[in-house]
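Asker: What shape does this take:
(chains A, B, C and D)
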There are 2 protein chains.
Amino acid sequence: MRTMNVQDQVLRAALDLFSTRGYATTSVQEIVAAAGVTKGAMYHYFASKDDLLFAIYDRLLSLQKARLDEIVAAGAERGDGVEDVLRAVCVDVISTSIEFLPEGTVFTRSQHMLMPDRQAEVKRRRREYHEEFEALLLRGIQKGAFRDDVPTAMLIAHFFSDVHYLSQWYSPAGPLTASQVAEQLTELFLRGLRATGIRATGKG
Amino acid sequence: MRTMNVQDQVLRAALDLFSTRGYATTSVQEIVAAAGVTKGAMYHYFASKDDLLFAIYDRLLSLQKARLDEIVAAGAERGDGVEDVLRAVCVDVISTSIEFLPEGTVFTRSQHMLMPDRQAEVKRRRREYHEEFEALLLRGIQKGAFRDDVPTAMLIAHFFSDVHYLSQWYSPAGPLTASQVAEQLTELFLRGLRATGIRATGKG
DNA sequence: GTTCGCAAACCGACCAGACGGTACGGAGGA
DNA sequence: TCCTCCGTACCGTCTGGTCGGTTTGCGAAC
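Answerer: Residues are numbered from 1 along each chain as shown, chains lettered A, B, ... in the order given. Sure thing, here's the model as predicted:
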């Protein structure tokens, strides 16, 4: 244990305070007090308060991206159908988001508090994630498994709205388990997504 | 025009700045400058910065609640089926949310910045709204029109996630019109909601 | 095994400035 | 004369961040 990692303690405290009290209303003094370190120690490891915030984003974005890549790759290797791969992706991202609920709270609430360049990076990485997700949708549409009469941009928004909204209503203390929520929300999404047999016409 | 209502000018400027820059990072000085008034004038009409924020919530909550009541009442008077009433409600709340997109941005982003008692009131009024929405779901479930194997709490979250997420992705400058979005998101929701014929069993 | 050297880790008092809010007075209509 | 409306100058507080200095860890020298 020795010097009990200052960085971890600070990040843990920052996440806790940012998610409960908000970024702007949490002072650096409160963070270091909660972490049991001094301001000097904190500023030895982090350049700014913004760094703490970005670290939360970075961690979640990296994690989710890695898991997405992994699931898509595994599905490709096994030769799984596109709906099975998409289902696995959806269930995983919802489960993971529940596992990291405080991060989710900060994520949706504080993006505009990041320095502009960091904000741009977050945006870029989210877009990359969405594009990989969209590729799955397009594959399914091309194969006739998914409907083609709703723009993929709307389908993406429709699904990720559920993901982002989790931190606003879900509580692990409530009656629903994480996997129940993941399965059922995924099923609701997939049912809306499946092809109806009615192909879109050219007009409106 | 006379003294060009100070209150309106201030609220307009506050909404604009809060939605683009965020509540915490917008100073009262910036608001009054944008509104073309002085701090003295502003504090003559508003007790605090928090008042400005709450006014945005109050307006949107009142509006949405009034429209919900109206649509439900009109549907009842006409003897419309529950799915038709629900569809009208969904389309309306999405359309209205698009019409008030900046308010939506502030709504989701700044709720935790309100004074605790105001926060509690917003929560209470949202709960009332959700309960009226839930009553429609329960009526449909009871009639066998809607599925009964997903908790209403999850169905509510599933729908309102779309509503709240609008301000994060939708742009009036984009290719999709407000009514397209309203119709299609509503249809995606309703398709997931309709009874499958498979009734839920007692076990998990 | 003890001493030395030195860099990294850490401390906490201290800014400069910005913030929300207030005090007070004047203008002007009733 | 009074009251509402509003302008201006100002206040106390708190903030993110800094900086000079001290302590600690540890390999090397002897």
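
Asker: what's around A:Glu132, how many residues?
Answerer: A:Glu132 has 14 neighbours, counted by other CB atoms under 10 Å in any protein chain shown. Using the backbone N, CA and C atoms, a C-beta is placed for each residue, glycine as well.

Asker: Check the spacing between it and A:Arg67 real quick.
Answerer: Using CB to CB, to the nearest Å, one gets 11 Å for the distance from A:Glu132 to A:Arg67.

Asker: Pull up the per-residue confidence for the closest residue to DNA strand C within chain A.
Answerer: For chain A, the residue positioned closest to DNA strand C under CB to the nearest atom of the strand is A:Gly40, at a distance of 2.2 Å. pLDDT, A:Gly40: 95.

Asker: ok, now A:Arg2?
Answerer: The model's pLDDT for A:Arg2 equals 38.

Asker: can you check the one 4 residues further on too?
Answerer: Taken from the predicted model, the pLDDT recorded for A:Val6 is 91.

Asker: Now do the contacts for it.
Answerer: Neighbour list for A:Val6: A:35, A:37, A:41-42, A:44-45 [criterion: CB atoms under 8 Å, 6 or more residues apart in numbering or on different chains].

Asker: Mark which of the residues you listed are part of helices, please.
Answerer: Using DSSP state H, the subset of the contacts of A:Val6 located in helices is A:35, A:41-42, A:44-45.

Asker: and those, which two are the farthest apart?
Answerer: Distance extremes for the ones in helices among the contacts of A:Val6: the farthest pair is A:Ala35 and A:His44 at 12.9 Å, using CB to CB.

Asker: Please say which of these two ends up with more neighbours.
Answerer: More crowded of A:Ala35 and A:His44, by other CB under 10 Å: A:Ala35, with 22 against 11.

Asker: what stretches of chain A score poorly on pLDDT?
Answerer: For chain A, the stretches with pLDDT under 70 are A:1-4, A:197-204.

Asker: Spell out which residues of it are next to DNA strand C.
Answerer: A:3, A:6, A:37-41, A:43-45 (CB under 7 Å from any atom of the strand).

Asker: Any quick ChimeraX command for the buried ones out of those?
Answerer: Burial among the residues of chain A next to DNA strand C is assessed by 16 or more other CB atoms under 10 Å in any protein chain shown; the matching ChimeraX selection reads:
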select /A:6,37,41
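
Asker: Tabulate the residues of chain A next to DNA strand C (JSON lines), appending distance to B:Phe100.
Answerer: Below are these laid out as JSON lines (distance: CB to CB, whole Å):
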{"residue": "A:Thr3", "distance to B:Phe100": "52"}
{"residue": "A:Val6", "distance to B:Phe100": "45"}
{"residue": "A:Val37", "distance to B:Phe100": "44"}
{"residue": "A:Thr38", "distance to B:Phe100": "46"}
{"residue": "A:Lys39", "distance to B:Phe100": "42"}
{"residue": "A:Gly40", "distance to B:Phe100": "46"}
{"residue": "A:Ala41", "distance to B:Phe100": "46"}
{"residue": "A:Tyr43", "distance to B:Phe100": "42"}
{"residue": "A:His44", "distance to B:Phe100": "46"}
{"residue": "A:Tyr45", "distance to B:Phe100": "43"}
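
Asker: nearest residue to A:Leu136 other than its sequence neighbours?
Answerer: The shortest distance from A:Leu136 to any non-neighbouring residue, by CB to CB, 6 or more residues apart in numbering or on different chains, is to A:Leu86 (5.0 Å).

Asker: Give me the contacts around the helix or strand containing that neighbour.
Answerer: Of the helices and strands defined by DSSP states H and E, A:Leu86 is found in helix A:82-99. The contact list for helix A:82-99 (CB under 8 Å, 6+ apart) reads A:63-64, A:67-68, A:71-72, A:75-76, A:80, A:104, A:133, A:136-137, A:139-140, A:143, A:145-146, A:159, A:162-163, A:166-167, A:170, A:172, A:178-179, A:181-183, A:185-186, A:189-190, A:194.

Asker: Quick check on those residues: which are buried?
Answerer: By 16+ other CB under 10 Å, those give A:64, A:68, A:71-72, A:75, A:80, A:104, A:133, A:136-137, A:139-140, A:146, A:159, A:162-163, A:166-167, A:170, A:178, A:181-183, A:185-186, A:189-190 as buried.

Asker: does the nearest residue to A:Gly22 once chain neighbours are set aside count as helix, strand or coil?
Answerer: Once flanking residues are discounted, A:Gly22 sits nearest to B:His112: 4.8 Å by CB to CB, 6+ apart. Put simply, B:His112 is helix when judged by DSSP: H, G, I helix; E, B strand; the rest coil.

Asker: roughly how far apart are B:His112 and DNA strand D?
Answerer: Applying CB to the nearest atom of the strand, to the nearest Å, the value for B:His112 to DNA strand D is 15 Å.

Asker: Just give me the neighbour total for that residue.
Answerer: Other residues within reach of B:His112, judged by other CB under 10 Å, total 17.

Asker: how about it, what does it touch?
Answerer: Taking CB under 8 Å, 6+ apart, one finds A:21-22, A:25, A:109, B:119 in contact with B:His112.
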